[in-house]
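>>> Fold the following for me, if possible:
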Amino acid sequence: MLIPPEQFGIVEKGVYRSDMLHQSHFPFIKSLDLRTVLVLSPEVPTRAVTNFLEENNINLSHLGLRVWKPNIGWRPVSEELIKDGLEMVLDNRNHPILVMCTSGIHETGTFIGCLRKLQSWSFSSIVAEYRSYAGNKARYVNQQFIELFDMDLITLPRNLPQWFLEQMKLLQEEEKEFEEEQNQIIQR
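As a prediction, this is how the structure comes out:
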């Protein structure tokens, strides 16, 4: 029987999100044929999880431990964590990739919200998705972090996933159409 993690979700093609894995999730996770697991929280995955990942040739990137900072003021996560994580997720060579934290809500929700911001989602859509996973555990500070996160910190990798390229192309086409409409209005 395949049992997904409680906070599991599909973010984009080849990009998934969840809370920490348990042995009961292993058959399901194996079916995803993952290449990378990105852990955003500082907590160390259990030995069973690390053994499972090794046995299945899944790269474990524990950014949460590497860039965790005890004093980051009001921020729920560090900008470095989000920046490095987004650059990993946007590098197609890491796909399929699972992004997770202890609860699957706070670090992961903030991270996915920043990805959505990079994808030019409206802020209300970002917050709706964040709250759909967080439920009554939603934190205003996470939403504020997403809203204020500086997208200029991100260096887009060379190997961008197809879904991201297609979205950027659509946005450029929409901007071009808008500019043409504005020029026609001005010429009248």
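>>> Burial check on residue 151, number of neighbours?
11 (other Cβ atoms under 10 Å). Where you see a C-beta, it was placed from the backbone N, CA and C, and this is true even at glycine.
>>> Grab the nearest non-local neighbour of it.
residue 118 (5.6 Å; Cβ to Cβ, 6 or more residues apart in numbering).
>>> now the strands: where do they sit in the chain?
Ranges of strands within the chain are 9-12, 15-18, 36-39, 59-61, 97-100, based on DSSP state E.
>>> Now do the buried residues in the last one.
Neighbour-count burial for strand 97-100 flags 97-100 (criterion: 16 or more other Cβ atoms under 10 Å).
>>> pull the longest helix from this protein.
Longest helix of the chain, by residue count under DSSP state H: helix 162-187.
>>> okay, which residue is most central for this protein?
residue 112 (3.5 Å; Cα atoms, centre = their mean).
>>> Could you tell me which residues make contact with it?
11, 17, 99, 129-130 (Cβ atoms under 8 Å, 6 or more residues apart in numbering).
>>> Look at residue 71 and report its pLDDT.
Per-residue confidence (pLDDT) for residue 71: 55.
>>> Tell me how far the residue lying closest to residue 105 once chain neighbours are set aside lies from residue 151.
Nearest non-adjacent residue to residue 105, counting by Cβ to Cβ, 6+ apart: residue 134, 4.8 Å away. From residue 134 across to residue 151, the span is 22 Å (Cβ to Cβ, to the nearest Å).
>>> In contact with residue 94, which residues?
By Cβ under 8 Å, 6+ apart, the neighbours of residue 94 are 35-36, 38, 59, 88.
>>> Buried only: go through those residues for me.
Burial by neighbour count, 16+ other Cβ under 10 Å: within these this picks out 35-36, 38, 88.
>>> Could you dump the residues you listed into a markdown table and include distance to residue 143 and pLDDT?
Formatted as a markdown table, the buried ones among the contacts of residue 94 follow (distance: Cβ to Cβ, whole Å; pLDDT from 0 to 100):
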| residue | distance to residue 143 | pLDDT |
| --- | --- | --- |
| 35 | 31 | 98 |
| 36 | 27 | 98 |
| 38 | 22 | 97 |
| 88 | 23 | 96 |
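>>> mind putting those in a markdown table, distance to residue 104 included?
Putting those into a markdown table (distance: Cβ to Cβ, whole Å) gives the following:
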| residue | distance to residue 104 |
| --- | --- |
| 35 | 20 |
| 36 | 17 |
| 38 | 13 |
| 88 | 18 |
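>>> Pretty sure residue 61 sits against residue 34.
No. Residue 61 is beyond contact range of residue 34, at 11.6 Å (criterion: Cβ atoms under 8 Å).
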